[in-house]
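Colleague: coordinates only, sequence not included:
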């Protein structure tokens, strides 16, 4: 079965967590909106008045199923591509961790849009500076410190132990994104999270991920995505 992934074609965004899982699994998929008339097809599915129309991208079409929300998509893919534990308790645990990552991604986004997504960064610059300072002093240590402790407690290879899950792929993306958006702050902070830095490097070296990162399928970080680089926020 070839999956159809629907997400905005210019950015990594929330769709990147799904792309990483598909790529690691070696699954056949098409990134629909990056093809001809793909964005129109995506919008048409969201505008449907029957069935189970998704609220927003990313969403995944798997046969007759249409699955929305990043964590929900990964819950589905994890069970089918050996990217999650086999037990129900294990599946729920990694799903819980992914939902925690989802919360953190919202906080990353709010550093440059602290007053809401409808305002331009330039309209919220003072609030963005204040939010970013609090993000790095309080929120980053809380979230990344939690995952650092999980890694250490489970042997330091992957979050749940010796086997990689989609949560490890998502944490790779978190480290990579913070390095792009806040290079100065992240460089200074990485000494506090050696486990996550090592996890990032292990994931990047996996054959399928390494090939993906070197391919045109990997969209570069840019100033339209969740991880945006504003020099005045990185000090």
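Modeller: Received the coordinates, thanks. Since this is a predicted model, take the numbers as computed values, not measurements.

Colleague: Enumerate the positions of the helix ranked longest in the chain that are buried.
Modeller: Using DSSP state H, we find that the single longest helix of the chain is helix 88-112. Burial within helix 88-112, assessed by neighbour count using 16 or more other CB atoms under 10 Å, is assigned to 90-91, 93-95, 97-98, 100-102, 104-105, 107-112. For the C-beta atoms, the positions are set from N, CA and C on the backbone; glycine is no exception.

Colleague: Now the element after that helix, going C-ward?
Modeller: Going down the chain from helix 88-112, the next helix or strand is helix 125-134, by DSSP states H and E.

Colleague: so residue 18, which of the three states?
Modeller: On the three-state scheme (DSSP: H, G, I helix; E, B strand; the rest coil), residue 18 is labelled helix.

Colleague: Was I right to think it contacts residue 6?
Modeller: No. The criterion here is CB atoms under 8 Å, and residue 18 misses it with residue 6 at 9.8 Å.

Colleague: Give me the contacts around the one helix or strand in the chain whose mean pLDDT sits lowest.
Modeller: Lowest by mean pLDDT, DSSP states H and E among the helices and strands of the chain is helix 125-134, with a mean of 91. Residues outside helix 125-134 that contact it (CB atoms under 8 Å, 6 or more residues apart in numbering) are 110-115, 121, 230, 232-233.

Colleague: Which single one of the residues you listed is nearest to residue 47?
Modeller: Distances from residue 47 to the contacts of helix 125-134, taken as CB to CB, are shortest for residue 113 (25.2 Å).

Colleague: Might you report the residue contacts of the residue lying closest to residue 124 once chain neighbours are set aside?
Modeller: Excluding the flanking residues, the one nearest residue 124 by CB to CB, 6 or more residues apart in numbering is residue 115, at 4.5 Å. Counting by CB under 8 Å, 6+ apart, residue 115 makes contact with 123-124, 127.

Colleague: Can you turn the buried part of these into a PyMOL selection?
Modeller: Per 16+ other CB under 10 Å, the buried members of the contacts of residue 115 correspond to this PyMOL selection:
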select buried, resi 124
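
Colleague: how about JSON lines for the contacts of residue 115, with distance to residue 136 added?
Modeller: Converted to JSON lines, the contacts of residue 115 look like this (distance: CB to CB, whole Å):
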{"residue": "123", "distance to residue 136": "22"}
{"residue": "124", "distance to residue 136": "17"}
{"residue": "127", "distance to residue 136": "15"}
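
Colleague: Can you tell me which of the contacts of residue 115 is closest to residue 219?
Modeller: Distances from residue 219 to the contacts of residue 115, taken by CB to CB, are shortest for residue 124, at 25.5 Å.

Colleague: Going along the chain, name the strands of the protein.
Modeller: Here the chain has its strands, by DSSP state E, at 3-6, 29-31, 59-62, 65-68.

Colleague: contacts for the second one?
Modeller: Applying CB under 8 Å, 6+ apart, the set of residues contacting strand 29-31 from outside is 2-5, 7, 9, 19, 22, 38, 217.

Colleague: For that strand, buried residues please.
Modeller: By 16+ other CB under 10 Å, the buried positions in strand 29-31 come out as 29, 31.

Colleague: and that strand, which strands flank it?
Modeller: strand 3-6 (parallel) (DSSP bridges).
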